[in-house]
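Enquirer: predicted model and sequence follow; I will ask about them next.
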Amino acid sequence: MKFIATTLALIVAQAAAFTVPATNQHATALASSFSYDTATSTSALNIWDKSTPIKVQGGALKTWSFTNPPMERVQVSMRTDGRPLESMLELWEGPDNTPQKIGVYIEEGSMRPFTAVIETPRPGQNAIAIYNTGYLEFPLDACVEADNGDGASSLGSAPEKLAGMSIPKLIQGGALNTYPFAPSVESVQVLLRTDGRPLNARVELLQGPSNNKQVMEVYTEDGLERPFFAVIETPGVGNVIRVVNKAPVEFPLTAHVEPYLVEAGSADSIADSWDNGEGSSFLLSPPM
């Protein structure tokens, strides 16, 4: 009996040696810094808190109609549960009139949700159409919120503020320009417009050579009346925004590409006057 008891004790001790001990999980500073939380993120993401998202299945089309004359712009946000996001976003003004189209591809729609502002300067029958061009297995959630000029929209007059705070870069037809950002930059705001001519461009978020995390194909029949404005989430390191003017050389565009949210207290935010001292840093003054 003693031999059996000793043998059992030895077996239990050996099994305990191969048992994985319980550990307390602690998020690293880098992971905590770039965590995606709709309740505490920037104002660009507050639309998810104020609006009920509509699920658009793969291959389906969903429209939002607006008949309120004072409406000046519409904020559109799209995301997934971590799967790829592929969609076509269109602005409809009356029958058979589509003055703006945006094709969207995002590798991971939860970490990098799509957020843009669509200008609707002309009163009338305006509608936003979102077509999920992905497979049936890849649904997306969409929120569309109208702004009638009273600041109700989360982004509000962000395009005008960005245009007044930063120095634009002229990109000729057929040319491109790149904008690298430090790891402390958590999101980037992009404003593209023309002098009234058509706008045909591609905006890419790259993380390493030929590694597209997000691509937006933009067409606007009047780049002054309906400029393109979007906020792009840039988690991680090595983020570069690339703007390509797909139009002929006769159709240049101007690009404003600046940080939207910067990690508070970072050397970059303090040096470039981004830090607002309130736990998050927005662009407060144009870069030197």
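Expert: That came in fine, so what should we check first?

Enquirer: which pLDDT value goes with S266?
Expert: pLDDT recorded at S266 is 64.

Enquirer: phi, psi of the closest residue to K50 other than its chain neighbours?
Expert: Spatial nearest neighbour of K50, excluding adjacent residues (CB to CB, 6 or more residues apart in numbering): E145 at 7.1 Å. All C-beta atoms are positioned from the backbone trio N, CA, C, and that covers glycine. When read as degrees, to the nearest 10, the backbone of E145 gives phi -130, psi 130.

Enquirer: which stretches of the stretch 51-200 of the chain form helices?
Expert: Secondary structure of the stretch 51-200 of the chain (DSSP state H, counting those that start in this stretch): helices located at 158-165.

Enquirer: which intervals of it have sub-threshold pLDDT?
Expert: For the stretch 51-200 of the chain, applying pLDDT under 70 flags the ranges 68-70, 148-156.

Enquirer: sorry, back to before: neighbours of the residue nearest to K50, how many?
Expert: 18 (other CB atoms under 10 Å).

Enquirer: then S77?
Expert: 23.

Enquirer: pretty sure it sits against A142.
Expert: Yes - assessed by CB atoms under 8 Å, S77 is found in contact with A142 at 7.1 Å.

Enquirer: wait, a strand at V243?
Expert: Yes - checked against DSSP: H, G, I helix; E, B strand; the rest coil, V243 lies within a strand.

Enquirer: surely I102 and T115 touch.
Expert: No - contact criterion CB under 8 Å: I102 and T115 do not qualify, at 11.7 Å.

Enquirer: who has more neighbours, the two?
Expert: T115 (26 against 22).

Enquirer: from memory the more buried one sits against Q75, does it?
Expert: Yes - under the criterion of CB under 8 Å, T115 makes contact with Q75 at 7.2 Å.

Enquirer: who's in contact with T234?
Expert: When contacts are counted by CB atoms under 8 Å, 6 or more residues apart in numbering, T234 touches F181, V185, E186, S187, V188, L205.

Enquirer: same deal with G82?
Expert: By CB under 8 Å, 6+ apart, the neighbours of G82 are E108, G109, S110, M111.

Enquirer: surely the last one touches Q214?
Expert: No - under the contact definition of CB under 8 Å, M111 does not touch Q214, with a separation of 10.0 Å.

Enquirer: and those two? Which one has more around it.
Expert: Taking other CB under 10 Å, M111 and Q214 do not tie; Q214 has more neighbours (24 against 17).

Enquirer: tell me which element the more buried one is part of?
Expert: For Q214, the element it lies in under DSSP states H and E is strand 212-220.

Enquirer: so how far is that strand from its chain's centroid?
Expert: 11 Å (CA atoms, centre = their mean, to the nearest Å).

Enquirer: give me the contact list for that strand.
Expert: Against strand 212-220 from outside (CB under 8 Å, 6+ apart): 99-108, 112, 114, 192, 198-207, 226-228, 230, 232.

Enquirer: can you point out the buried residues in the next helix-or-strand element following that strand?
Expert: Next in sequence after strand 212-220, counting helices and strands by DSSP H and E, comes strand 228-233. Of the residues in strand 228-233, those buried by neighbour count under the rule 16 or more other CB atoms under 10 Å are F228, F229, A230, V231, I232, E233.

Enquirer: and strand 228-233, what does it pack onto?
Expert: Applying 3 or more CB pairs under 8 Å, 6 or more residues apart in numbering; DSSP states H and E, we find strand 228-233 packed against strand 114-119, helix 158-165, strand 185-193, strand 199-207, strand 212-220.

Enquirer: make CSV out of those and add distance to V240.
Expert: CSV is the format used below for these (distance: least, CB to CB, whole Å):
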stretch, distance to V240
strand 114-119, 18
helix 158-165, 19
strand 185-193, 10
strand 199-207, 5
strand 212-220, 10
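
Enquirer: how far away is the nearest residue to T98 once chain neighbours are set aside from A163?
Expert: Sequence neighbours aside, E90 is the residue nearest to T98 in space, at 5.2 Å (criterion: CB to CB, 6+ apart). Distance of E90 to A163, computed by CB to CB, to the nearest Å: 24 Å.

Enquirer: alright, I will stop here.
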